[in-house]
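Peer 1: Turn this into a structure:
(one chain, ligands or ions: 1)
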Amino acid sequence: MDQIGDSLLRLAMQHSPVGMMLVSPAGEMLAVNDAACGMLGYDRAELLRTSWQDITHPEDLASDVDVVADVLAGERSSYRLSKRYVRKDGSLLWGDLSVALLRDDDGTPLYFISQILDVSEQREAAQHIAEANATIEKQSRSVAAIYDAVDVGLVLVDRSGRYERVNRRHHDFMALAYPEGHHGMAGQRGEVYEADGETLMARQDLPSYRATMGDEFDDVRLWVGSDPATRRALSVSARSTRRPDGTLTGAALAYKDVTDYMRALAVKDEFVASVSHELRTPLTSVLGHLEMLAGREDLPADVRAQLAVVDRNAARLQMLVSDLLYVAQEADASLQVVRVAADAAGIVREAVEAARPLARAGKISLSVDLPDSRVALFDPQRLRQVVDNLLSNGIKYTDAGGEVLVRLPVDEDRLEVQVSDNGIGIAPDDLERLFSRFYRADTERVRLTPGTGLGLSIVRSITEGCGGGVRVESEVGVGSTFTAWIPYVAAGDD
Ligand code: ADP
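Peer 2: Numbering: from 1, shown residues only. Sure, this is the predicted structure:
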């Protein structure tokens, strides 16, 4: 190499950010630059004492030796490869190596010019990405497997309501709901019926449509399909999916097959309806005969008093039977309400007195906080029924030593009865469901307490049938307060 070329090469080496080495055909280091020393962790004198074979990772040596041989044999004049070097401290350096062989005018090899770019960080990053991809792929395979294995229909919709993903189970439900095919957007009407199994569901009530609008819900019941032999009842839940900043991105819906449960409920209703129906006839006869007996003059006073007790209880039994009938046929029955002017405080007092034996047996103290009187226009029998139910629950679901308090808060617009206890309390999940027919909390304590799960549904039917309602506040282990109310109508306003 001439003088100028030589100094140019040295200058370039000196200032290059790339590691550079001049290596003899035998492998000895002839010159190295600062960048190469820095990369490999040697000082210049040390690096010059090594050969390129010394600093090459043993596993990458063979392939490098092969190409060097090719270059020396004249089969190629340069090469480029990725290889590992071993730093002085034993750590690995990934280098992107470019090598050219310089020959003299006769073609005799003079030296190799090697340039090494440190690509360790990129390799590491690429490695991380590959590992992360492998993990993601593994997870998504597991999710896909679970998605298709579960016995629940699953649907993911995007912000616009487009079905992004539907699992295998849900395809069965879709086939029933959309025998003509589904166009992949939420809100398509098909053979989807309300819980009554008859009313076609309106678009805005369809779970997929509601979920797309950002609604979250649980246990929305519906039927898919019109053929009684194959149709299925589903219970649907929805949750919105959102970005970390809260923007809605879509929703996930789960469809659970509850056909057997719904059919069992219907059978139960039919059973209750027919039993109560069958009970009505003999009861009517009992009441009829009691009435005839009451008309007789020749009965001793004590018999007359006993007959009055029998009559009262038979009348209550008749009302309970008709309530059973009412709840069993809730859809098409309507509550009979007979409004008269009466004193609510007096009725509550009577109910409390009637409950005393039960409270005494359970070692529960029963107290009242009532005005002297609260006269209004309402159905006294229905109010009594409501108070009886709430009172007996308060006593039943409170352990010995507890207290039950009945209040009649004075409110201008409402006739309100409040029954509080410091009993077992109710889990948050149960709070709404308690008012459903036959629902009982699934705990050992409740199972051991006699009951049908009808009381609160009757309380709700009655209060709602009178334009009011019932609500509960409760905490497990602390107690419960049930508040039943109907609109207050002053006596004489009707
Ligand atoms: P029943 O008492 O016959 O089971 P209800 O309809 O009156 O039926 O009540 C339904 C369920 O609500 C009960 O089984 C019980 O789990 C719960 N419950 C009702 N009242 C109370 C209360 N005061 N404290 C705790 N749990 C209650």
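Peer 1: switch to C-alpha atoms for all contacts and neighbour counts from now on
Peer 2: Noted.
Peer 1: how about the strands of the stretch 351-494 of the chain, start to end?
Peer 2: Using DSSP state E, counting those that start in this stretch, the strands of the stretch 351-494 of the chain run over 365-369, 375-378, 403-407, 414-421, 469-475, 479-487.
Peer 1: Buried residues, the third one. List them.
Peer 2: Just to be clear, that refers to strand 403-407. Neighbour counts over strand 403-407 (16 or more other CA atoms under 10 Å) mark 403-407 as buried.
Peer 1: And the contacts of that strand?
Peer 2: 364-370, 391, 394-395, 417-423 (CA atoms under 8 Å, 6 or more residues apart in numbering).
Peer 1: residues touching the residue in the stretch 201-350 of the chain that the ligand sits nearest to, list them.
Peer 2: Relative to the ligand, the nearest point of the stretch 201-350 of the chain is Val327 (11.6 Å; CA to the nearest ligand atom). Residues near Val327 by CA under 8 Å, 6+ apart: 437, 457-458, 461.
Peer 1: that older thread, filter the contacts of strand 403-407 to the buried ones?
Peer 2: The neighbour count (16+ other CA under 10 Å) marks 364-366, 370, 391, 394-395, 417-423 as buried among these.
Peer 1: Of those, which pair is most distant in space?
Peer 2: Based on CA to CA, the longest span within those runs between Leu370 and Gly423 and measures 21.5 Å.
Peer 1: sorry, back to before: just the contacts of strand 403-407 that are near the ligand?
Peer 2: 394, 423 (CA under 6 Å from any ligand atom).
Peer 1: now the helices for the stretch 351-494 of the chain?
Peer 2: 380-396, 444-447, 455-465 (DSSP state H, counting those that start in this stretch).
Peer 1: next one: the shortest one to chain centre, how far?
Peer 2: So the one you mean is helix 444-447. Relative to its parent chain, helix 444-447 has a centroid offset of 26 Å by CA atoms, centre = their mean, to the nearest Å.
Peer 1: Likewise for the first one?
Peer 2: In terms of CA atoms, centre = their mean, the centre of helix 380-396 is set 35 Å apart from its chain centre.
Peer 1: what are the C-alpha coordinates of it, in CSV please?
Peer 2: The C-alpha coordinates for helix 380-396 follow below in CSV (Å, rounded to 0.1, in the frame of the first residue of the first chain):
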residue,chain,number,x,y,z
PRO,A,380,-105.6,-4.3,55.6
GLN,A,381,-105.3,-8.0,54.8
ARG,A,382,-102.5,-7.4,52.3
LEU,A,383,-100.6,-5.1,54.7
ARG,A,384,-101.0,-7.8,57.4
GLN,A,385,-99.6,-10.4,54.9
VAL,A,386,-96.6,-8.2,54.2
VAL,A,387,-95.8,-7.5,57.8
ASP,A,388,-96.4,-11.2,58.7
ASN,A,389,-93.9,-12.3,56.1
LEU,A,390,-91.2,-9.7,57.0
LEU,A,391,-91.6,-10.4,60.7
SER,A,392,-91.4,-14.2,60.5
ASN,A,393,-88.3,-13.8,58.3
GLY,A,394,-86.7,-11.4,60.8
ILE,A,395,-87.4,-14.0,63.6
LYS,A,396,-86.4,-17.0,61.5
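Peer 1: thinking again about what came up before, a markdown table for the buried residues of strand 403-407, including pLDDT and distance to the ligand?
Peer 2: Below are the buried residues of strand 403-407 laid out as a markdown table (pLDDT from 0 to 100; distance: CA to the nearest ligand atom, whole Å):
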| residue | pLDDT | distance to the ligand |
| --- | --- | --- |
| Glu403 | 98 | 11 |
| Val404 | 98 | 9 |
| Leu405 | 98 | 11 |
| Val406 | 98 | 12 |
| Arg407 | 97 | 14 |
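Peer 1: just the residues you listed now: which is nearest Val303?
Peer 2: For the buried residues of strand 403-407, the nearest to Val303 is Val406 (34.2 Å; CA to CA).
Peer 1: any idea how far the closest one lies from Leu370?
Peer 2: Distance of Val406 to Leu370, computed by CA to CA, to the nearest Å: 8 Å.
Peer 1: now Glu412
Peer 2: 16 Å.
Peer 1: And for Phe173?
Peer 2: Phe173 is 55 Å from Leu370, by CA to CA.
Peer 1: what do you get for Leu40?
Peer 2: Leu40 is 92 Å from Leu370, where distance means CA to CA.
Peer 1: which ones are touching Ala100?
Peer 2: 77-79, 112-114 are the contacts of Ala100 under CA under 8 Å, 6+ apart.
Peer 1: err, Ser322, not the other one
Peer 2: 276, 280.
Peer 1: check which helix or strand covers it.
Peer 2: Using DSSP states H and E, the element containing Ser322 is helix 301-328.
Peer 1: Give me the angle between that helix and helix 380-396.
Peer 2: Interaxial angle of helix 301-328 relative to helix 380-396 (axes from the mean of the first three to the mean of the last three CA atoms, to 10 degrees): 90 degrees.
Peer 1: Okay, now the unreliable bits of the stretch 301-450 of the chain?
Peer 2: 323, 326, 328-335 (pLDDT under 70).
Peer 1: again, 80 this time
Peer 2: Applying pLDDT under 80 to the stretch 301-450 of the chain flags the ranges 312, 315-316, 318-320, 322-337, 437-438, 450.
Peer 1: Which residues of it lie near the ligand?
Peer 2: Counting by CA under 6 Å from any ligand atom, the stretch 301-450 of the chain comes close to the ligand at 393-394, 397, 423-426, 434, 439-441, 446.
Peer 1: now the residue lying closest to Phe438 once chain neighbours are set aside: how far from Leu293?
Peer 2: Nearest non-adjacent residue to Phe438, counting by CA to CA, 6 or more residues apart in numbering: Gly453, 3.9 Å away. Distance of Gly453 to Leu293, given as CA to CA: 36 Å.
Peer 1: swap in Ile347?
Peer 2: For Ile347, the distance to Leu293 - CA to CA - is 27 Å.
Peer 1: out of the two, which sits in the more crowded spot?
Peer 2: Neighbour totals were compared for Ile347 and Leu293, and Ile347 leads with 18 against 14 (other CA atoms under 10 Å).
Peer 1: That one touches Gln385, doesn't it?
Peer 2: No: the criterion here is CA atoms under 8 Å, and Ile347 misses it with Gln385 at 10.1 Å.
Peer 1: Give the helix, strand or coil label for the residue most central in space within the chain.
Peer 2: Per CA atoms, centre = their mean, the C-alpha nearest to the average position across the chain is that of Arg239, at 6.7 Å. Here Arg239 is recorded as strand under DSSP: H, G, I helix; E, B strand; the rest coil.
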